[in-house]
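Colleague: Quick one: sequence and predicted model below, then my questions.
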Number of protein chains: 2
Amino acid sequence: MARVTLQTIADRLGVSRATVSYAFSRPDQLSDDLRRRILQVADELGYAGPNAAARSLRLGRAGAVGLLFSETLAYAFADPYALGFFQGLATAAEEAGVGLLILPLPRGEKRPPPVRDAVVDAFCVVSLPDGHPALAEVLARRLPTVVVDEPYVPGHPFLGIDEPAAGAQAARHLVELGHRRVGVAMVGLHDDGRTGWADPGRQRGAVFEAMRGRRSGYEAACVSAGVDWASVPFYELSRNSRAAGREAGHALLGRTPRPTAILTNTDVLALGILDAAADLGLDVPLDLSVVGFSDSAAEEAGLTTIRQAKQEIGAAAGRLLLEPPDEPERLLFPHELIVRASTAPPRP
Amino acid sequence: MARVTLQTIADRLGVSRATVSYAFSRPDQLSDDLRRRILQVADELGYAGPNAAARSLRLGRAGAVGLLFSETLAYAFADPYALGFFQGLATAAEEAGVGLLILPLPRGEKRPPPVRDAVVDAFCVVSLPDGHPALAEVLARRLPTVVVDEPYVPGHPFLGIDEPAAGAQAARHLVELGHRRVGVAMVGLHDDGRTGWADPGRQRGAVFEAMRGRRSGYEAACVSAGVDWASVPFYELSRNSRAAGREAGHALLGRTPRPTAILTNTDVLALGILDAAADLGLDVPLDLSVVGFSDSAAEEAGLTTIRQAKQEIGAAAGRLLLEPPDEPERLLFPHELIVRASTAPPRP
DNA sequence: TTGTAGGCGTTATCAT
DNA sequence: ATGATAACGCCTACAA
C-alpha cells in the first residue's frame, strides 16, 4: 500500500489538496457534508493525518522544546535534583501544550548528539561542562536557548543559583560552629571519571562552572575563618552515588587528624558519608558534622543542606523558552541553608 | 536579517544548493577546499545549519520516539515506577541516539494532545485508561506503536506483567498466612477523581485495564480461600500519595471488625497505610499486615510487595520501538513476591 | 465554499 | 567534483 497523502484523497474525491487540507486543519472553512466525505475517504484509505514534518516545515514551528542534560538519562531520572527541575520544566511545557524532546548526549563521543535533527522551537541546556561540543551545536541552531546551572553563555538567559554564595554559606555554617578541621567531598568537577584526592590546581580547573563556584565559596569561607585551604583534604568523586559518598567518607575519615566536619556538594554523597561514619562507629553530629547540597534526599536523613528552588528554576526555564525575553536575563534563584541534625559544634 | 538557507549561501558563492548541502551532510563528496569556503560563508552569514523539519520531511525519519503517559508529567517524574520505566526506555533511546519526545496530555481536555504534530518515528503509550482520546490519535498516525501496561491494543506490541496473576499472588500470600478479614486500597481505577468506598460494580468498571486485572486477581485469591468478596471493604483513591494511603488506612482500620490485612496497589499507598496504623497504635505486622505493589519505595520501609521489572520493560519497549517486530508480541514480564517485615500471620 | 499555484528548505538522482 | 531538477507533504494567499 503506497503512501497516502492529501493528494491521494483529493484525487479520489475529485477535489483539490487544499480542500482536503481544510478538512483537517480548518474545519470551519468547509461545508459539513464535504468535510465528512473527506474524512470518510481518508479513513478508508488509511490516511495518517497531515504529516508532522511537513506541517512543521510549512508552519515554521515545532511544538516542542529540546532538553539537553549532561548526564546519561538513566542517571538523570534517578537524580533528585534533576527530577525536581524536570518537574518544573515539564509542568510549564504541559501548560503550554508543547512537547519536551529529551536529547541524549552520547558519552562515548562516537557520533554527534542529535541536536541538528531535533525539530524544536527552543533549547534548554542543563549543566554542561565547559566546552562541551553539544553546546556549540545548540548555539549553532540559533534558536531561543536558555542555560541552567552551567555554563553561562553571554547573550542567553541563564538560570541558577549564586553558587559561590551558597557554597560559602554551607562552609560558614561549619566554621561558625567552631569546626577547623574540615574535609570536602565533591562530585562532578571533571568529566574524566577520576576519583581520588584532588589538589587545589585540579579543584580550580574543574570543567563544571557551577561546581567551580561552589567550591570557591567553600574555600572563601574557610579561609576567612583562618583555615588553611591547602591542608583541607579534598576527595573527588566521579559518580554521584551513596556508595561513592561512602568511599569518600572512608578516605576522609581515615586522615590524621580526622576531620570534624565534611562538606559535600550533593545530598546523596552526604548520605554515603553518614554510612562511612556509621561504619567507623562515629556519632553524627557529635564526632562528625556533615553538610549536603540541594535538599533532595536530605529530610528523612536529618541532613543539614542547602536548598535550591529546583522546581521554580524548571518552571522559570519553561516560561523563558516559551516566550523568550527581549533582554537575556541572568536569573539567580534563592538558596537557603537548612539546618538539621547532621551538624553541631565539634567536641571540645 | 532575513532567513539564511542553503540557497542564500549558494548564491553568495555562485554554487548550487546541492553543493552546499553536501558540505554539511556529505563532507566526503566535496573537495576540502570548497567545503571549507562554504562553511566559512555559512558562518559569516549566520546559517543555522540544515533545517531540521525540512530534513526530516525529506529524509522521512525523525530521529525521535514519542512517549505518552497517563499522568501529569510532574507526577510521572515523582513516581518510582514510572521513573524506573523511563530509565529503561531512555537508555535504549540513548544507545540508539534518538530523542525521546515526551508529550503532555492535557487533563483539562481543553485541546487535543499535540500528537498530530509530533515529529517522531514511533510511539510508546503508557498506561492510558480505556478509551482515552489520545490513544486514538496515536493509532491514527499509523506509526510503530507499543503499549505498556494498558490498554491492550490488538495488533500492537504490548508490554506488561500478568496483572491478575500478580494480584492473586499478593492476595494469596495474605490468605495463606491465615488472614480472612482483608481490606483493599487502590488508586487509579477511574479517571474521575473520586475517593471513597467502591462497591464491586465500580471496582469492575475500572477504566484502567491493568488495575482491573490486578483487582480481579485479589478477588480470585480471596474467594478461593473462602473469603466473601462482597464483604471486603474496598477503598478507592484518586491520588497516589502517602497522604492518600493514610486516609484509606484510617477508613479501612475504622471498620468493625477491623481488617487484619490490607492490600494496596502501590507502595506509596502502602506507606500511607503504615502511617495510619502508627496513628492508631497498631503494630505491623502483628496487628496488621500490609502488601504494596511495584517494589519502588518498599525496601527501606520493610514492605512486602510485588516486584515488577520496570527497567527491563522500559528497555524492551525501547528496542521494540527502534526495530518493530514483524509479529506484534504480547510480552508479559515476570513479577515476584518480595516478602518483608510488613506481613505475618494474624493474631490468633 | 472550493480550486490554483507557489513555496517552506532539504536531499537524491541524474547529468555533466 | 559539481550543477540542474524533481520530489518530500503541506498550508495559504488569492482567485473563482
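Modeller: Noted; the coordinates are in hand. The structure displayed is predicted, hence computed values, not measured ones.

Colleague: who's in contact with residue A:165?
Modeller: Shown here is residue A:165, whose contacts under the criterion C-beta atoms under 8 Å, 6 or more residues apart in numbering or on different chains are A:217, A:335. The C-beta positions use only the backbone N, C-alpha and C, and glycine is treated the same way.

Colleague: and the strand or helix carrying it, how far from the chain's centre?
Modeller: Assigned by DSSP states H and E, residue A:165 belongs to helix A:163-177. Relative to its chain's centre, helix A:163-177 lies at 23 Å (C-alpha atoms, centre = their mean, to the nearest Å).

Colleague: ok, now stretch A:320-334?
Modeller: So, by C-alpha atoms, centre = their mean, the centroid of stretch A:320-334 is 16 Å from its chain's centroid.

Colleague: now stretch A:313-328
Modeller: 15 Å.

Colleague: Would you tell me whether it gets close to chain B?
Modeller: No - if you take C-beta under 8 Å from any C-beta of the partner chain as the test, stretch A:313-328 misses chain B, and the best it gets is 9.5 Å.

Colleague: tell me which residues in that stretch are buried?
Modeller: A:313, A:314, A:315, A:316, A:317, A:318, A:319, A:320, A:321, A:322, A:324, A:328 (16 or more other C-beta atoms under 10 Å in any protein chain shown).

Colleague: Give the next helix or strand downstream of the helix or strand the third one falls within.
Modeller: So the one you mean is residue A:315. Assigned by DSSP H and E, residue A:315 belongs to helix A:310-322. Using DSSP H and E, the next helix or strand after helix A:310-322 towards the C-terminus is strand A:330-333.

Colleague: Can you spell out which helices and strands pack onto that following strand?
Modeller: When contacts are defined as 3 or more C-beta pairs under 8 Å, 6 or more residues apart in numbering or on different chains; DSSP states H and E, strand A:330-333 packs onto strand A:158-161, helix A:310-322.

Colleague: again, only this time at 10 Å
Modeller: Of the remaining helices and strands, those touching strand A:330-333 by 3 or more C-beta pairs under 10 Å, 6 or more residues apart in numbering or on different chains; DSSP states H and E are strand A:145-148, strand A:158-161, helix A:163-177, helix A:310-322.

Colleague: So the closest residue to residue A:236 other than its chain neighbours versus DNA strand D, what's the distance?
Modeller: Of all residues not flanking residue A:236 in the chain, residue A:198 sits nearest, at 4.0 Å (C-beta to C-beta, 6 or more residues apart in numbering or on different chains). According to C-beta to the nearest atom of the strand, to the nearest Å, residue A:198 and DNA strand D sit 49 Å apart.

Colleague: Find the closest residue to DNA strand C in the stretch 151-300 of chain A.
Modeller: With C-beta to the nearest atom of the strand as the measure, residue A:156 is the residue of the stretch 151-300 of chain A nearest to DNA strand C, at 22.3 Å.

Colleague: Name the nearest residue to the residue in the stretch 201-348 of chain A that chain B sits nearest to, ignoring sequence neighbours.
Modeller: Scanning the stretch 201-348 of chain A for the residue nearest chain B gives residue A:311, at 8.3 Å (criterion: C-beta to the nearest C-beta). Using C-beta to C-beta, 6+ apart and skipping the chain neighbours, the partner closest in space to residue A:311 is residue A:88 (3.9 Å).

Colleague: For stretch A:334-348, list the C-alpha coordinates in PDB.
Modeller: What follows is stretch A:334-348, C-alpha atoms only, in PDB (Å, rounded to 0.1, in the frame of the first residue of the first chain):
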ATOM      1  CA  PRO A 334      17.400  32.000  46.200                       C
ATOM      2  CA  HIS A 335      19.000  29.200  48.100                       C
ATOM      3  CA  GLU A 336      18.600  28.500  51.800                       C
ATOM      4  CA  LEU A 337      20.600  26.800  54.500                       C
ATOM      5  CA  ILE A 338      18.500  24.100  56.200                       C
ATOM      6  CA  VAL A 339      20.000  23.200  59.500                       C
ATOM      7  CA  ARG A 340      19.100  19.700  60.600                       C
ATOM      8  CA  ALA A 341      20.600  17.100  62.900                       C
ATOM      9  CA  SER A 342      23.800  16.300  61.000                       C
ATOM     10  CA  THR A 343      25.700  19.400  62.200                       C
ATOM     11  CA  ALA A 344      26.800  20.500  65.600                       C
ATOM     12  CA  PRO A 345      29.800  22.100  67.200                       C
ATOM     13  CA  PRO A 346      32.900  19.800  67.300                       C
ATOM     14  CA  ARG A 347      33.700  18.000  70.500                       C
ATOM     15  CA  PRO A 348      35.800  20.300  72.700                       C
END
